[in-house]
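J.: Model the following, please.
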Amino acid sequence: MIQYIIRRLLIAIPTLLVISFVIFAILYFAPGDPTGSLPMTVPPEVRAQIRESLGIGEPMHIRYYKWVVQFFVNEPLNILQHGFGITIGDAENRTRILSWATRSPVIDLIVERTPQTLWVVGLSFLLGILMAIPIGIVQAYRQYSLFDQIGTFVAMVGFSVPTFFTGVVAILLFSVQLKWFPMIYDTTLEVTSWNNFVLQVKQMIMPVVVLGFYQASQLSRFMRASILDNLNLDYVRTARSKGRSENAVLLIHVLRNSLIPVVTLIALGIPTIFGGAIITEQIFRVNGLGQLLIIAIEGADIPTVQTLTFLFAILIVLFNLIADVVYGMLDPRIRYD
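T.: Numbers count the residues shown, from 1 in each chain. Prediction:
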């Protein structure tokens, strides 16, 4: 298993380099000027100096090389220095990826906004899994029943309707009409008392439920189909003929094998839900990574867009590896020797 993980990590390095070059090339040729938001009174020579200080006039391969060094070498060394107190090399002259809009390091902006996104995205994904697995199991065991038909209808609606629409509907219904939950997510709220804790929970309910409902709609359909495929196989009939209880057949045999294809969907869905959070965070005004990406795109902040997009690509590669490892834990037939 360890050798397999090492091989996959070694394969992931050139894969990520190719992905980083594609992202960099697309954004390199995209229109965008860091001086475009400056007042018209700024002289052209000052604009030229700003572009030169940001490395705009350098050739593409030089800019790409500097960005790769900053992302893979300088930023990890900076994290070691400030996070663990380990200083390697010349820290004073170490260049970092700077945002064109704020002139501050992009990684620092990401670190500031990551907790908000992790709270919303993590809880919504956990909610989706906890809803989807039992619903999919009950639907499969009660195929074509009223519960199965209602669950299928709700899942189709939840999967078909985008999160930005359900988010707006939730705001209009529960915030504007019923006034149960706050309309805007207050990222400055500090949980220092019970009342603040209640406010934090109330403002998280709508974005978490909107994203969780979308994930549960997909996962429940896959869970239902996977269990139905396994219920009629020979090993299930053999387990029942040996007198095993239905709960033992479900939990020990059917569920374990049925989770194998669902694990892929869950692993690939974790990076995907960050994409859904991009729109959802805008709707509920959550000051997270999704809102940061939208602001960077609107302001033509190329370094921030590059870094965030590449981080999403790293998440996809990483969770693909995690899914393969979990395969070996769920299915004893899979060996990584």
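
J.: quick one: contacts of stretch 259-269?
T.: For stretch 259-269, contacts defined as C-beta atoms under 8 Å, 6 or more residues apart in numbering pick out 125, 129, 133, 215, 218-219, 222-223, 226, 316, 319-320, 322-323, 326-327, 330-331. Just so you know, the C-beta spots here come from the backbone N, C-alpha and C atoms, and that holds for glycine as well.

J.: now those residues: which count as buried?
T.: Neighbour-count burial (16 or more other C-beta atoms under 10 Å) applied to the contacts of stretch 259-269 gives 125, 129, 133, 215, 218-219, 222-223, 226, 319-320, 323, 326-327.

J.: Which single one of these is nearest to residue 193?
T.: residue 125 (28.6 Å; C-beta to C-beta).

J.: Looks like the closest one contacts residue 219 (just checking).
T.: No - using C-beta atoms under 8 Å, residue 125 is not in contact with residue 219, being 9.7 Å away.

J.: just to revisit the earlier point, now tell me which of the buried ones among the contacts of stretch 259-269 the prediction trusts least.
T.: Model confidence across the buried ones among the contacts of stretch 259-269 bottoms out at residue 327, which has 71.

J.: how near is that one to residue 110?
T.: Separation of residue 327 from residue 110 (C-beta to C-beta, to the nearest Å): 31 Å.

J.: ditto for residue 251
T.: Here the criterion is C-beta to C-beta. By it, residue 251 lies 40 Å from residue 110.

J.: Those two: which is more packed in?
T.: Per other C-beta atoms under 10 Å, whichever of residue 251 and residue 110 has more neighbours is residue 110, with 19 against 12.

J.: secondary structure element for that one?
T.: helix 106-141 (DSSP states H and E).

J.: go on, residue 316?
T.: Using DSSP H and E, residue 316 maps to helix 302-330.

J.: Could you check the angle that helix makes with helix 106-141?
T.: 40 degrees (axes from the mean of the first three to the mean of the last three C-alpha atoms, to 10 degrees).

J.: Give the buried residues for helix 302-330.
T.: 302-313, 315, 317-321, 323-327.

J.: Give me the helices and strands touching it, please.
T.: Judged by 3 or more C-beta pairs under 8 Å, 6 or more residues apart in numbering; DSSP states H and E, helix 302-330 is in contact with helix 2-28, helix 106-141, helix 255-284, helix 289-298.

J.: relative to helix 289-298, how tilted is that helix?
T.: Going by the same axes, to 10 degrees, helix 302-330 makes 140 degrees with helix 289-298.

J.: Just the CA trace of stretch 224-240, in PDB.
T.: Provided in PDB are the C-alpha atoms of stretch 224-240 (Å, rounded to 0.1, in the frame of the first residue of the first chain):
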ATOM      1  CA  ARG A 224     -29.900   3.200  -4.300                       C
ATOM      2  CA  ALA A 225     -28.700   1.900  -7.700                       C
ATOM      3  CA  SER A 226     -25.500   0.300  -6.200                       C
ATOM      4  CA  ILE A 227     -27.500  -1.500  -3.500                       C
ATOM      5  CA  LEU A 228     -30.000  -2.800  -6.000                       C
ATOM      6  CA  ASP A 229     -27.100  -4.200  -8.100                       C
ATOM      7  CA  ASN A 230     -25.700  -6.100  -5.100                       C
ATOM      8  CA  LEU A 231     -29.000  -7.400  -3.600                       C
ATOM      9  CA  ASN A 232     -29.500 -10.000  -6.300                       C
ATOM     10  CA  LEU A 233     -25.900 -11.300  -6.400                       C
ATOM     11  CA  ASP A 234     -24.900 -14.800  -5.400                       C
ATOM     12  CA  TYR A 235     -23.000 -13.900  -2.300                       C
ATOM     13  CA  VAL A 236     -26.100 -12.200  -0.800                       C
ATOM     14  CA  ARG A 237     -28.200 -15.300  -1.400                       C
ATOM     15  CA  THR A 238     -25.500 -17.400   0.100                       C
ATOM     16  CA  ALA A 239     -25.400 -15.200   3.200                       C
ATOM     17  CA  ARG A 240     -29.200 -15.400   3.600                       C
END
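
J.: Which residues does that stretch contact?
T.: So stretch 224-240 is in contact with 135-137, 139-141, 143, 148, 151, 246, 248-249, 252-255, 257-262, going by C-beta under 8 Å, 6+ apart.
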